[in-house]
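Student: Provided below are the primary sequence and the corresponding predicted coordinates.
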Amino acid sequence: MEQAGFDAVYMGGYASTGALLGRPDMGLLTGTEMIGHARRLAGAVDIPVVADADTRYGNAINVVRTVHDYEQAGVSAIHLEDQTAPKRCGHLAGKEVIVTGEHVGKIKAAVTARSDPDFVIIARTDALVKYGVEAACDRALRYRDAGADVLWVEAPTSEAELETISKRLSGNTVLLNWLEGGLTPMIDIERIREYGFGVVLYPIGSVLAVTGAMRDHYASVRKHGTPLQCMRTLPSFDDFTKAVGISEIEQLSQEFADPDTSGSQGH
């Protein structure tokens, strides 16, 4: 994710469902599973986490709990989308959306429920594919009026639609979902800035990279019988243990070690 040079981790439903279940992003993860995943992720990094809150996991009352639970998990922002449940990845066919007023109520509930005024509410609409870009922008503006901090029109399919979103939502913080290989034109960062998008998500590139690397690795193991042919391209064992914080664990072990190593057992 990028916001004027500001980095954050994005936890999306596509990557989360693939990693946790090995399944497609079709609303298969529950709110409890997503929030637990977000809590572990927030505990593992020292930069903000932006999390997918899908279709709110129920009605406006459920939205209140969703916001509380994500805040307690240590997340800095969530996005709420106006698809019907069960939802599906925004770049898949077959999406349906709820009526605008229903989602307006849920955005209001989310804004009211947050205890931290810096907790960011992102309002996403998936209406473009069914009702067109103008109607999708109309929805986004209604969600802004309900209190959303960031607006997101999902899955524009042309630069003409990007330009319309840019003009209609000018003056607001607008998000672009730069989904790798998806429906939206993969324009460069300078073009993104020209359109005025304030937040950019790169949601699945890491998952695609890992998938490709794992396929290549296990194909080589199957062909050669051992991973020997792959070793030159793999991070070392030490590299990985450093990346996951071995030095911190060792430091804590030394800090809390029993200084009396000569005492008798049981005393």
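Tutor: Great, that's in hand.
Student: Where does the prediction get shaky in the protein?
Tutor: 1-6, 261-267 (pLDDT under 70).
Student: biggest helix in it, by residue count?
Tutor: Residue-count comparison of every helix in the chain, with assignments taken from DSSP state H, identifies helix 205-224 as the longest.
Student: ok now whatever helix or strand comes next after that one, how far from the chain's centre?
Tutor: Moving toward the C-terminus from helix 205-224, the next helix or strand (DSSP states H and E) is helix 237-243. Remark: helix 237-243 is offset 25 Å from the chain centroid, using Cα atoms, centre = their mean, to the nearest Å.
Student: Please identify the buried residues of helix 237-243?
Tutor: For helix 237-243, burial by neighbour count (16 or more other Cβ atoms under 10 Å) applies to no residue. No exception for glycine: its C-beta is placed from N, CA and C like everyone else's.
Student: got the contact list for it?
Tutor: Counting by Cβ atoms under 8 Å, 6 or more residues apart in numbering, the neighbours of helix 237-243 from elsewhere in the structure are residue 235.
Student: what packs against the next helix or strand after it?
Tutor: Moving toward the C-terminus from helix 237-243, the next helix or strand (DSSP H and E) is helix 246-255. Using 3 or more Cβ pairs under 8 Å, 6 or more residues apart in numbering; DSSP states H and E as the contact test, no helix or strand touches helix 246-255.
Student: in this protein, which spans are helices?
Tutor: Ranges of helices in the chain, per DSSP H, are 13-21, 31-44, 60-72, 100-113, 128-131, 133-145, 159-168, 189-195, 205-224, 237-243, 246-255.
Student: got the angle between the longest one and helix 13-21?
Tutor: I take that to be helix 205-224. 40 degrees (axes from the mean of the first three to the mean of the last three Cα atoms, to 10 degrees).
Student: can you give me how far helix 205-224 is from the chain middle?
Tutor: Here helix 205-224 is found 23 Å from its chain centre; the criterion is Cα atoms, centre = their mean.
Student: list the buried ones in that helix?
Tutor: Of the residues in helix 205-224, those buried (16+ other Cβ under 10 Å) are 207, 220.
Student: neighbouring contacts of stretch 62-79?
Tutor: Residues from elsewhere that reach stretch 62-79 (Cβ under 8 Å, 6+ apart): 8, 11, 31, 35-36, 38-39, 42-43, 48-53, 56-58, 80, 106, 109-110, 112-116, 118-124, 149-150, 152, 175.
Student: Drop anything exposed from those residues.
Tutor: When neighbours are counted using 16+ other Cβ under 10 Å, those contain these buried positions: 8, 11, 31, 35, 38-39, 42, 48-53, 56-57, 80, 106, 109-110, 113-114, 119-124, 150, 152, 175.
Student: From the residues you listed, which land in strands?
Tutor: Using DSSP state E, the members of those that fall in strands are 11, 49-52, 80, 120-124, 150, 152, 175.
Student: any idea which of those is closest to residue 253?
Tutor: Taking Cβ to Cβ as the measure, residue 253 lies nearest residue 49 of these, at 27.5 Å.
Student: Okay, and the beta partners of that closest one?
Tutor: residue 9 (DSSP bridges).
Student: Make sure residue 206 is actually in contact with residue 15.
Tutor: Yes. A contact is recorded between residue 206 and residue 15 when judged using Cβ atoms under 8 Å, the distance being 7.2 Å.
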